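A.B. asks: structure for the following, please:
(one chain, ligands or ions: 1)
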Amino acid sequence: MAAAVAAAAAVRTRILQVSSKVNSTWYPASSFSSSVPTVKLFIDGKFVESKSDKWIDIHNPATNEVIGHVPLATKAEMDTAVASCKRAFPAWADTSVLSRQQILLRYQQLIKENLKEIAKLITLEQGKTLADAEGDVFRGLQVVEHACSVTSLLLGETMPSITKDMDLYSYRLPLGVCAGIAPFNFPAMIPLWMFPMAIVCGNTFLLKPSERVPGASMLLAKLFQDSGAPDGTLNIIHGQHEAVNFICDHPDIKAISFVGSNQAGEYIFERGSRHGKRVQANMGAKNHGVVMPDANKENTLNQLVGAAFGAAGQRCMALSTAILVGEAKKWLPELVERAKNLRVNAGDQPGADLGPLITPQAKERVCNLIDSGTKEGASILLDGRKIKVKGYENGNFVGPTIISNVKPTMTCYKEEIFGPVLVVLETDTLDEAIKIVNDNPYGNGTAIFTTNGATARKYSHLVDVGQVGVNVPIPVPLPMFSFTGSRSSFRGDTNFYGKQGIQFYTQLKTITSQWKEEDATLSSPAVVMPTMGR
Ligand code: NAD
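C.D. replies: The predicted structure is shown next:
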């Protein structure tokens, strides 16, 4: 007992040592630059400096200062990482499910203890507010907690006595080496939707975080190692297109989980599938909030403002489009007033409601899409393009922006803006609103605001979107369910996390078994097709 307590204390101390360095130079300093730290690769249980001659800068989006350098891993380094996953796989797949569960149980505890440190790192690299960054870690943590139920989730099926002395049963078995390619907007949540589920099922995992926000993944890897995960179960490489192509093509990688834009996701789905891999790709979105005139006005306006502008609109489930039905049109001025009250600031500043966009290019793109609205006949009711944030004049800030009189043919409606911009359409009826939503190619999320159960039921029933909220603006399902974006927001057959996640990371082996007493002696061979007794 005393030894166990001492071991736990040692783990905690190690993590605190990591945590205390997180804010500035958690990635150990290297010869690359005396002042700016480099991000390591995580290969075979070691944080190693890349030998690459290609590096890219990581910026703090609130200041655009360079805060780190991330390597584009060399082919040899990527090969070593996959070889490590492959080597670790047989022993890991043979490790008892109870032992795997124990590691996940320790992992969820370590994530909880270090949640604030991970959040600080997210805010530094990604820009979102600290509160929002904590939510980012928390939604990932929930999937880790769910993965701890592996002892039930992995159960196969049995059917005894299908004929005399014959039983049928199936196992859920791991696939081998799986890989994940993550986006910039949820630096902790998305990696945590991927590798814990895959690894608890007995797979090993190669992660490629977004090159813009690799820090959270590195700290999560350190905590995973401290939870007792054997070397090679998780490897991390960094890079852009070459790393993605490497993952799509490598014959030892059996499955790819992707989250990001349609441009990348459709490409990865096609290229990975062509090489015989399972691929699941969660992609872009245009999420509509339909506001009925009978909705609770106070609640609805607050929900709309939070879901449109929170995280500076850089969420795949951001409610970026409002459809005001009938008399709900009259609420527009109040919506604008509430949006005006949001405080735009660096994510680590007290009271900040929304932070900067990820890059100057992202800001420029968002501003161009707002411009396109003006040119195509929409009205800008609230314009965040010229916002200046005191003390952070070089940051990529855009203030809350509301564009009204928007038509489905306009560019600002058709494109995913991925910024703090709410486009507003108006209809006379619920049926017209449903038609607009269903004509839009994306199917990630939608919400209806109403106090009428029949209206809510009709909308939920008829709308062709994979995740629907009724008076819930961002309906991301908890992990006992799955993340079920649909249509152009998803490619693949099996969704992320929940039962679907387990299915994605496992294959079935079905065994038909006969044990006859007379098998002890030789029987004559059956030459006709076995019909299992029928
Ligand atoms: P992104 O597609 O630019 O990058 C995602 C990953 O793909 C990164 O690791 C990147 O290195 C790689 N990549 C980028 N371009 C590539 C290309 N042309 N070919 C191959 N690989 C490429 O996405 P992002 O900007 O990091 O993230 C924002 C996007 O992610 C938005 O479209 C958002 O809706 C989407 N997203 C979707 C979900 C979801 O669950 N549906 C969740 C979060 C984000």
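A.B. asks: number of nearby residues for the closest residue to the ligand within the stretch 301-450 of the chain?
C.D. replies: Closest residue of the stretch 301-450 of the chain to the ligand, Cβ to the nearest ligand atom: residue 316 (3.1 Å). In this view, the C-beta of every residue, glycine as well, is placed from N, C-alpha and C. Neighbour count for residue 316, taken as other Cβ atoms under 10 Å: 26.
A.B. asks: sec struct for it, please.
C.D. replies: Put simply, residue 316 is coil when judged by DSSP: H, G, I helix; E, B strand; the rest coil.
A.B. asks: what about the helices in the stretch 201-350 of the chain?
C.D. replies: 215-226, 241-249, 262-274, 297-309, 332-340 (DSSP state H, counting those that start in this stretch).
A.B. asks: deepest-packed of the ones you listed, please.
C.D. replies: helix 215-226 (a mean of 24; mean count of other Cβ atoms under 10 Å).
A.B. asks: list the helices and strands that helix packs on?
C.D. replies: helix 2-25, helix 97-113, helix 115-126, helix 189-200, strand 234-236 (3 or more Cβ pairs under 8 Å, 6 or more residues apart in numbering; DSSP states H and E).
A.B. asks: circling back: can you lay out the helices of the stretch 201-350 of the chain as a markdown table showing distance to residue 172 and mean pLDDT?
C.D. replies: As requested, these are exported to a markdown table (distance: least, Cβ to Cβ, whole Å; pLDDT from 0 to 100):
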| stretch | distance to residue 172 | mean pLDDT |
| --- | --- | --- |
| helix 215-226 | 22 | 97 |
| helix 241-249 | 24 | 98 |
| helix 262-274 | 22 | 98 |
| helix 297-309 | 36 | 98 |
| helix 332-340 | 48 | 98 |
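A.B. asks: can I get those helices in JSON lines with distance to the ligand?
C.D. replies: JSON lines is the format used below for the helices of the stretch 201-350 of the chain (distance: least, Cβ to the nearest ligand atom, whole Å):
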{"stretch": "helix 215-226", "distance to the ligand": "11"}
{"stretch": "helix 241-249", "distance to the ligand": "4"}
{"stretch": "helix 262-274", "distance to the ligand": "3"}
{"stretch": "helix 297-309", "distance to the ligand": "14"}
{"stretch": "helix 332-340", "distance to the ligand": "21"}
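A.B. asks: distance to residue 169 for these - can I get that in a markdown table?
C.D. replies: Listed next are the helices of the stretch 201-350 of the chain as a markdown table, based on distance: least, Cβ to Cβ, whole Å:
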| stretch | distance to residue 169 |
| --- | --- |
| helix 215-226 | 32 |
| helix 241-249 | 34 |
| helix 262-274 | 30 |
| helix 297-309 | 46 |
| helix 332-340 | 57 |
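A.B. asks: for the stretch 51-200 of the chain, what lies in contact range of the ligand?
C.D. replies: 181-186 (Cβ under 6 Å from any ligand atom).
A.B. asks: looking at these, which is nearest residue 211?
C.D. replies: residue 184 (8.3 Å; Cβ to Cβ).
A.B. asks: shouldn't that closest one be in contact with residue 122?
C.D. replies: No. Shown here, residue 184 and residue 122 do not form a contact pair, counting by Cβ atoms under 8 Å, at 10.3 Å.
A.B. asks: before we move on, back to that, got the phi and psi for the spatially closest residue to the residue of the stretch 301-450 of the chain closest to the ligand that is not a sequence neighbour?
C.D. replies: The spatial neighbour of residue 316 that comes closest, neighbours along the chain excluded (Cβ to Cβ, 6 or more residues apart in numbering), is residue 285 at 4.9 Å. The phi/psi pair for residue 285 (degrees, to the nearest 10) reads phi -160, psi 160.
A.B. asks: per-domain residue ranges of this protein.
C.D. replies: 36-283+497-510, 288-470 (the TED database).
A.B. asks: who touches residue 290 in this structure?
C.D. replies: Going by Cβ atoms under 8 Å, 6 or more residues apart in numbering, residue 290 touches 323, 325, 430, 433-434, 437, 446-449, 459.
A.B. asks: of all residues in the protein, which one is closest to the ligand?
C.D. replies: Taking Cβ to the nearest ligand atom, the chain has residue 260 as its residue nearest the ligand, at 2.7 Å.
A.B. asks: from memory that residue sits against residue 180, does it?
C.D. replies: No. With contacts counted by Cβ under 8 Å, residue 260 stays clear of residue 180, the gap being 10.9 Å.
A.B. asks: show me the shaky parts of the stretch 301-450 of the chain.
C.D. replies: Applying pLDDT under 70 to the stretch 301-450 of the chain flags no residue at all.
A.B. asks: which positions in it make contact with the ligand?
C.D. replies: Residues of the stretch 301-450 of the chain lying near the ligand (Cβ under 6 Å from any ligand atom): 316, 416, 418, 444.
A.B. asks: now for the residues you listed, which pair is the farthest apart?
C.D. replies: 418 and 444 (12.4 Å).
A.B. asks: with neighbour numbers in mind, choose between these two.
C.D. replies: Neighbour count, other Cβ under 10 Å: between residue 418 and residue 444, residue 444 has more, with 27 against 23.
A.B. asks: how many neighbouring residues does residue 386 have?
C.D. replies: Around residue 386 there are 8 residues (other Cβ under 10 Å).
A.B. asks: and residue 296, its phi and psi?
C.D. replies: phi -70, psi 110.
A.B. asks: let me fix that, I meant to ask about residue 46.
C.D. replies: phi -130, psi 140.
A.B. asks: separation between it and residue 128?
C.D. replies: 30 Å (Cβ to Cβ, to the nearest Å).
A.B. asks: looking at those two, which is more packed in?
C.D. replies: residue 128 (29 against 11).
A.B. asks: now do the more buried one, the pLDDT please.
C.D. replies: Predicted confidence (pLDDT) for residue 128: 98.
A.B. asks: secondary structure class for it?
C.D. replies: coil.
A.B. asks: you'd agree it is up against residue 136?
C.D. replies: Yes. In this structure, residue 128 is within contact of residue 136 by Cβ under 8 Å, at 7.0 Å.
A.B. asks: could you pull out the strands for the stretch 351-500 of the chain?
C.D. replies: Using DSSP state E, counting those that start in this stretch, the strands of the stretch 351-500 of the chain run over residues 379-382, 401-404, 421-427, 442-443, 446-449, 468-470, 486-487, 490-491.
A.B. asks: so what are the sheet partners of the last one and their directions?
C.D. replies: Yep, that's strand 490-491 we're talking about. strand 278-282 (antiparallel) (DSSP bridges).
A.B. asks: which non-adjacent residue is nearest residue 215?
C.D. replies: Closest to residue 215 by Cβ to Cβ, 6+ apart is residue 121, at 4.4 Å.
A.B. asks: surely the one you found touches residue 219?
C.D. replies: Yes. Look at residue 121 against residue 219 with Cβ under 8 Å: they come within range, at 6.1 Å.
A.B. asks: residue 359: neighbouring residues, count only.
C.D. replies: Quick note: residue 359 (other Cβ under 10 Å) scores 16 neighbours.
A.B. asks: quick one: contacts for it?
C.D. replies: Counting by Cβ under 8 Å, 6+ apart, residue 359 has contacts 59, 61, 212, 396.
A.B. asks: and for the third one, nearest residue in space, chain neighbours not counted?
C.D. replies: If the residues on either side of it in the chain are set aside, residue 212 comes closest to residue 184, at 4.4 Å by Cβ to Cβ, 6+ apart.
A.B. asks: quick one: secondary structure of that neighbour?
C.D. replies: coil.
A.B. asks: re earlier: the helices of the stretch 201-350 of the chain: which one's closest to residue 503?
C.D. replies: helix 262-274 (17.0 Å).
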